[in-house]
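*Asks:* A predicted structure for the sequence below; I have some questions about it.
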Amino acid sequence: MEQHTQNPGKSRTWITVMFICGILMLGVGLIQMVRLPVPSSGHHSAVFISAGTVMVILAGLRLWKGEKDYMQDERTKKIGAYGLSYSWFLTFLVLFVVFWANYLNLWSPDARTLSVLLILMMGLSAKIFQVYLFRKGDVE
């Protein structure tokens, strides 16, 4: 197994900074949502609230779990790469289906719907494929 070197992106200080930035973004979004009327231009409170919430949850969980040295061997890297490859290919197939559904006037999603669909599908399918391959044991 390869020796794990300290990565500045995984240090406790960096995670604490991300947690504090998430709280600040969440606060800015909430203040902006309360103070500005809904139809006004420049109303980006949803972006701040969403990004802040994600940062607080991810950094908070990382701080709560504590620091662990995650060992990565060749098998772990290979399974991770295969899971991401399968997820990418599934995304390619979904885009193909969406193209034909739009072309045949069966379903014509707007950009917002399509973006959320693809983002969720890519993230969830990558994790599902990786969990499946880890339980299977190895890839070939």
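*Replies:* Noted; the coordinates are in hand. All values reported here derive from a predicted model rather than from experimental measurement.

*Asks:* Name the spans of this structure whose pLDDT lies under the cut-off.
*Replies:* Low-confidence segments of the chain (pLDDT under 70): 1-11, 38-43, 67-71.

*Asks:* need the longest helix for it.
*Replies:* Identified as the longest helix of the chain according to DSSP state H is helix 74-103.

*Asks:* Heading C-terminal from whichever strand or helix holds L30, find the next helix or strand.
*Replies:* Here L30 sits within helix 12-35, counting by DSSP states H and E. Using DSSP H and E, the next helix or strand after helix 12-35 towards the C-terminus is helix 45-65.

*Asks:* What is that following helix packed up against?
*Replies:* If you count contacts as 3 or more Cβ pairs under 8 Å, 6 or more residues apart in numbering; DSSP states H and E, helix 45-65 packs onto helix 12-35. Yep, even glycine has a C-beta here, placed from its N, CA and C like the rest.

*Asks:* center of this structure - which residue?
*Replies:* G123 (5.8 Å; Cα atoms, centre = their mean).
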